[in-house]
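>>> sequence plus the predicted model coming up.
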Number of protein chains: 2
Amino acid sequence: MNIALLGYGTVGRGVDDIIRNCVPDVCVTRILELPDRLTDPRMTSDYDQIVADPNVELVVECMGGIEPAHTCIARALAAGKHVVTSNKAVVAAHFAEFAELAAKNDVAFLIEAAVAGGIPWIASIEKVRRIDDVHMFWGIMNGTTNYIIDSMRREGLDFDVALGRAQEMGYAERDPSADIDGIDVANKTILSACVAFDVDCVRDLPVSGIRTLSKSDLSQFASRGMVIKLFGRGMCKDGKYAVSVEPMAVTQYSLEAAVPSNFNLVSLEGFTVGRLKFYGQGAGSLPTGNAIVQDVIDAMHGRKQVYDFSRGLTYDPTLLMGDYVFRTNSMPVAADAWAPNMWLVRNYTSEQARALYERVLQKDPTAFMTGLQKEAS
Amino acid sequence: MNIALLGYGTVGRGVDDIIRNCVPDVCVTRILELPDRLTDPRMTSDYDQIVADPNVELVVECMGGIEPAHTCIARALAAGKHVVTSNKAVVAAHFAEFAELAAKNDVAFLIEAAVAGGIPWIASIEKVRRIDDVHMFWGIMNGTTNYIIDSMRREGLDFDVALGRAQEMGYAERDPSADIDGIDVANKTILSACVAFDVDCVRDLPVSGIRTLSKSDLSQFASRGMVIKLFGRGMCKDGKYAVSVEPMAVTQYSLEAAVPSNFNLVSLEGFTVGRLKFYGQGAGSLPTGNAIVQDVIDAMHGRKQVYDFSRGLTYDPTLLMGDYVFRTNSMPVAADAWAPNMWLVRNYTSEQARALYERVLQKDPTAFMTGLQKEAS
């Protein structure tokens, strides 16, 4: 099978390497690149050539960003080509459109690499769902923030030092906002919910990150046997669903607490299979490239995941409810004292907690908020 | 697709339930049972009827034990029927024969449920191997022993009390030898090696269990920040491979240390995908039934995993080498004192450690041995 790569950055090169070395039945015949970077005879900057090439059966999109990725994916699907993508942002923004185009044109639209890198997360959810309902998923979906928290916790680094080191290691972008503000996790949570619950997931879910997390916050929770991690979560029950992204304090004895460095750990709960957890590298050239190549092989073998969002679930934030701790010098509502400058509120939905956190941040921009996990996960 | 169940115990009933409720395209039309247990019109005690039934396309073997399971599987494959089994003992004993019969008759032989219950472990190894080499696997593959160790550690129970409770909960058999002596893990390790390394794995690997583990052993290791778990392991390098089963002391910060109750956690390392870990219920009617039904659906969709053991790997125990601690009042070789009554030997292969442990046990039948994990896994 001949395929085209859109983008030849870290991930695109990883895909090219893995296919050349390990997948004799697949050949990268075309690569879309910018006009000033055409260093390989397969490269072109004219996407029309790729769409019009009848020998290209599948397009791998690893450009990132919303446009032109959105247009490129839509045109490839409309032209009857399978699409494999690692671009969580564009899929989170346009999943329903892509799914419909793929079904209409009877081609595959596969997104394994968009969530949790090399971990077979999306394919595992889909496999579980063949015979089971997934009523809950949760976990550590962003390696950058896990690396920052882990370095702060194990080596006592300040947030800015840990972030700087993540940037040096290539784990974080120069502008780290998408990671530390939870936007990256929000996109992955949306995709996970679309796949796990068969719903065109809301985009305006409650999202909080770890930008204001301090060393002393971690120490305060450690003294109570807890570790803070950034979680994406989804819940589905009785025709309703909810999703959220927020820091979560978990017991030190949980698997989540043990996740080191820039690894991911994502979990689901099904009715017959029970609780499953998947751990691995959530990013990087080879793990992400590996996930893309697995999707390419699946597409070659005829896998066409059909996403049908007509089940009509309604969004109900009350499904995600719990206790939250705020660290601030200016708490605007009545709350229990939890520790010096820390306040506990009970039975808040993720949405209510986010709304309160926004009020708190207006007066105290350094305030931090985290959920408290009720039980070991 | 019409299928037959061989055996209608806990797992067989779980499979029947899941198929009836969740898989409209599959129908259980025949069930093999003992003559005095024919309580359902689909049941027969005459296997000839099932083999001769041209409408039965697939046979699910969940009888357990070596015979008649071995004969039943071989006859079904020879008759051109797909076989799905949860029976690790019979597959560990006859994998090469079954694989050859399946290939010759162009049918599927699928064993997901035989290792790690509901965890998609075998399918994940096979998927990784489509584009990657697996050079190492390891993990907690037996829920009974994990439950025992976890109860001893968290609740301070003696071994016998914890075992008794595991028996009450239905996690352990009346004769618990297969679990606590590592035999069950040995079978699962053999199957994992067959699939991960494409080798007809040796059956006489070094196997040690946890029969002599005491509360004070756990305390002694806890005081050094370590937790003992029963591991199955495999390693493959430069045309050689090694496998072993033995207790392993891991750091308290590892994911393995955090595995609670009767859960399993199995890991692999591939070249491009890096380290992956899979966690879930390793046994039980519904998780194991779930794994069987997943294999049934895969077979229906045309998946025919071909096992080719002609790669010709040689068994080389020196690939698995490390440090071991013996707790005994009678150490027969020179060793470093590690703690009261505890002795450290360095750079032993699993085979050498097992041989030494057998010498120790002759004089001190209550002696305990564990490997020391070098680094966080």
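Looks like it came in fine.

>>> low-confidence ranges in chain A?
Scanning chain A with the threshold set as pLDDT under 70 gives A:375-377.

>>> change it to 90
Applying pLDDT under 90 to chain A flags the ranges A:117, A:170-174, A:272, A:282-285, A:303-306, A:308, A:310-312, A:374-377.

>>> now do the domain split for it, please.
Segmentation of chain A into domains, based on automatic domain parsing, reads A:2-114, A:122-280+A:320-372.

>>> turn those into JSON lines, columns for distance to chain B and mean neighbour count.
Glycine gets a C-beta too; all of them are placed from N, C-alpha and C. Shown next, in JSON lines, are the domains of chain A (distance: least, CB to the nearest CB, whole Å; neighbours: other CB atoms under 10 Å in any protein chain shown):
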{"stretch": "domain A:2-114", "distance to chain B": "4", "mean neighbour count": "19"}
{"stretch": "domain A:122-280+A:320-372", "distance to chain B": "4", "mean neighbour count": "20"}
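
>>> give me the contacts around stretch A:172-190.
Stretch A:172-190 is contacted from outside by A:88-89, A:91-92, A:95, A:114-116, A:141-142, A:144-145, A:147-148, A:163, A:166-167, A:201-203, A:205, A:207-211, A:230-234, A:243-246, using CB atoms under 8 Å, 6 or more residues apart in numbering or on different chains.

>>> can you give the distance from it to the centre of its chain?
Relative to its chain's centre, stretch A:172-190 lies at 8 Å (CA atoms, centre = their mean, to the nearest Å).

>>> again, but for stretch A:11-26
Distance of stretch A:11-26 from the chain centroid (CA atoms, centre = their mean) equals 24 Å.

>>> CA atoms only: put that stretch into PDB for me.
Output in PDB follows, covering the C-alpha atoms of stretch A:11-26 (Å, rounded to 0.1, in the frame of the first residue of the first chain):
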ATOM      1  CA  VAL A  11       6.600  12.200  14.400                       C
ATOM      2  CA  GLY A  12       6.600  12.100  10.500                       C
ATOM      3  CA  ARG A  13      10.300  11.000  10.500                       C
ATOM      4  CA  GLY A  14       9.600   8.400  13.100                       C
ATOM      5  CA  VAL A  15       6.700   7.000  10.900                       C
ATOM      6  CA  ASP A  16       9.000   7.000   7.800                       C
ATOM      7  CA  ASP A  17      11.700   5.100   9.700                       C
ATOM      8  CA  ILE A  18       9.500   2.500  11.200                       C
ATOM      9  CA  ILE A  19       7.700   1.800   7.900                       C
ATOM     10  CA  ARG A  20      11.000   1.600   6.000                       C
ATOM     11  CA  ASN A  21      12.500  -0.800   8.500                       C
ATOM     12  CA  CYS A  22       9.600  -2.900   9.700                       C
ATOM     13  CA  VAL A  23       6.600  -2.800   7.300                       C
ATOM     14  CA  PRO A  24       7.600  -4.200   3.800                       C
ATOM     15  CA  ASP A  25       4.000  -4.000   2.500                       C
ATOM     16  CA  VAL A  26       3.700  -0.200   3.000                       C
END
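
>>> need the residues that contact it.
Against stretch A:11-26 from outside (CB under 8 Å, 6+ apart): A:1-3, A:5-6, A:8, A:27-28, A:31, A:60, A:62, A:86, A:113, A:284-286, A:288-290, A:292-293, A:296-297, A:300, B:131-132, B:272.
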